[in-house]
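K.L.:
what's the 3D shape of this:
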Amino acid sequence: MKRVLVITYYWPPSGGSGVQRWVKFAKYLPLEGWQPVIYTPENPEYTAIDHTLEAEIPREAEIIRRPITEPYNIYRKLMGKGASTDMKTLTAGASKGEVTEISSGKKTFKQRLSLWIRGNLFVPDPRVGWVRPSVRFLKKYLAEHPVDAIVTTGPPHSMHLIGQRLHKELGIPWIPDFRDPWSRMYYLKHLPMTRRTWRRLRAMEQSVLDECSTVLAVTPLVQEEFQAQTKTPVAMITNGYDGGDFDQPVEPDGCFNVVHTGLFAADGNPLNLWKALGVKAWADPEFKKALRLRLVGKVDREVYAAIEEAGLRDNVVDLGYCDHLTAVREQLAASVLILPLRNDPEYRPILPGKLFEYLAARRPVLGIGQEDGAMARVLADTGAGVTAGWDNLDAMRAFIDQAWEQHKAGGVPSVSGDILRFSRRNLTRELAALLERVSTENK
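P.N.:
Numbers count the residues shown, from 1 in each chain. Model (predicted):
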């Protein structure tokens, strides 16, 4: 069996979408003749815990955990003793009801200072201090336990710097996997980086793209952007769904369930959707009684405020953060799944990981975002739903009206489009073929 070293910051018991891509690849890689060797921190900053994902790790996988030193304790002291607003929450988690404080609301002086430090002193990200000790350790490890290929997955994109050094010094084929863009990531413009820092960040990105064996992107539009930037081949393997997760019995509860799973950030707050639902609830007492807004995951306080302003506070079922299988069960039980993207033009090429699980749930999806973006393409190609622009109130109202009429007539029908190409099993076959090609060509 061939071996692939996967360098990732996120690994169970960490929860969230950033973990699932490589947990699922690792689950199926042994069936394709590849043993996954996972290198990950033993003491990362967890934004969520999901022990159910640990059951997905195959017995063939080798897990290597090494300590990491991160600067978040310094930030906590800067923010004041006992404050929950630290740099982790500024970039990834929820603080005082804000899911993505880095791009939400007004900032205090301390928050602005913290963002300046994050943007200019920790390039490309606060995990960069793990690069040097990891390279030192892995050089010794690989001398005794060789692998046929290396994969680094980001964000955090500092993981790619580890693979870059190992590739350069040991000659092992290396694939950087970009779950999100790098210099084009939408939230970077909210970091007060100097021109010098921007030049340094872009130079890092360019060197990774130019020096690797093959680049791996997760959406067609990101693939196109990277290919225009480098002569290195750029492959594309999307995120997906695991069919086994969806073999769960679901009992209808008779309610009209509008479901959202995952992080729900202020910059993705679908104000017109709440308006459409609120007006319909006011005009139709039967709809008002049946409507349930089921929110599964961390939700920004601005989203709650908008729902309440629309007169829908009593219709909210707030489940908070749930493990992955519970989130899937909520998707399966939905009358309608909603997927608002971040209201930012730079989000156009991004495909949220939960989109593919929404497809697997076979429930109609109302996407809210760029009507010519990557998500709109997938929903249109699979017939799984529609994408309405943020200001397209008429399209949102029409979608909800149709689903409500179907619900009253006996239930919103399942979606039957072709989605097999997005199954984790098929995607892992694509990954194994890529690993085989890269490891053979670079011998």
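K.L.:
please count neighbours and contacts with C-alpha atoms only from this point.
P.N.:
OK.
K.L.:
only C-alpha atoms, please: export stretch 227-241 in PDB.
P.N.:
Coordinates of each C-alpha in stretch 227-241 appear next as PDB, following Å, rounded to 0.1, in the frame of the first residue of the first chain:
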ATOM      1  CA  GLN A 227      -4.500  28.300 -13.400                       C
ATOM      2  CA  ALA A 228      -4.300  31.900 -14.700                       C
ATOM      3  CA  GLN A 229      -1.700  32.600 -12.000                       C
ATOM      4  CA  THR A 230       0.700  29.700 -12.500                       C
ATOM      5  CA  LYS A 231       2.100  27.200 -15.000                       C
ATOM      6  CA  THR A 232       1.700  24.400 -12.500                       C
ATOM      7  CA  PRO A 233      -1.200  22.100 -13.300                       C
ATOM      8  CA  VAL A 234      -4.300  22.900 -11.200                       C
ATOM      9  CA  ALA A 235      -6.600  20.000 -10.500                       C
ATOM     10  CA  MET A 236     -10.100  20.300  -9.000                       C
ATOM     11  CA  ILE A 237     -11.900  18.000  -6.500                       C
ATOM     12  CA  THR A 238     -14.900  19.500  -4.900                       C
ATOM     13  CA  ASN A 239     -16.200  18.800  -1.400                       C
ATOM     14  CA  GLY A 240     -18.900  16.200  -1.200                       C
ATOM     15  CA  TYR A 241     -21.200  14.100   0.900                       C
END
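K.L.:
distance between that stretch and the chain's centre?
P.N.:
Stretch 227-241 sits 17 Å away from the centroid of its parent chain (CA atoms, centre = their mean, to the nearest Å).
K.L.:
which SSE is immediately downstream of the helix or strand of the chain with the lowest mean pLDDT?
P.N.:
Using mean pLDDT, DSSP states H and E, the weakest-scoring helix or strand in the chain turns out to be helix 87-91, at a mean of 35. Remark: after helix 87-91, the chain's next helix or strand is helix 109-121, criterion DSSP states H and E.
K.L.:
tell me what that next one is packed against?
P.N.:
Packing partners of helix 109-121 (3 or more CA pairs under 8 Å, 6 or more residues apart in numbering; DSSP states H and E): helix 72-79, helix 87-91.
K.L.:
again, only using 6 Å
P.N.:
Of the remaining helices and strands, none touches helix 109-121 by 3 or more CA pairs under 6 Å, 6 or more residues apart in numbering; DSSP states H and E.
K.L.:
got the buried residues for it?
P.N.:
Buried positions in helix 109-121, judged by neighbour count with 16 or more other CA atoms under 10 Å: 111, 112, 113, 114, 115, 116, 117, 118, 119, 120.
K.L.:
cool, and stretch 35-45?
P.N.:
Within stretch 35-45, the residues that count as buried by 16+ other CA under 10 Å are 35, 36, 37, 38, 39, 40, 41, 44.
K.L.:
reformat those residues as a markdown table; add pLDDT, distance to residue 433 and secondary structure.
P.N.:
Shown next, in a markdown table, are the buried residues of stretch 35-45 (pLDDT from 0 to 100; distance: CA to CA, whole Å; DSSP: H, G, I helix; E, B strand; the rest coil):
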| residue | pLDDT | distance to residue 433 | secondary structure |
| --- | --- | --- | --- |
| 35 | 98 | 14 | strand |
| 36 | 98 | 15 | strand |
| 37 | 98 | 18 | strand |
| 38 | 98 | 19 | strand |
| 39 | 98 | 22 | strand |
| 40 | 98 | 24 | strand |
| 41 | 97 | 28 | strand |
| 44 | 91 | 31 | coil |
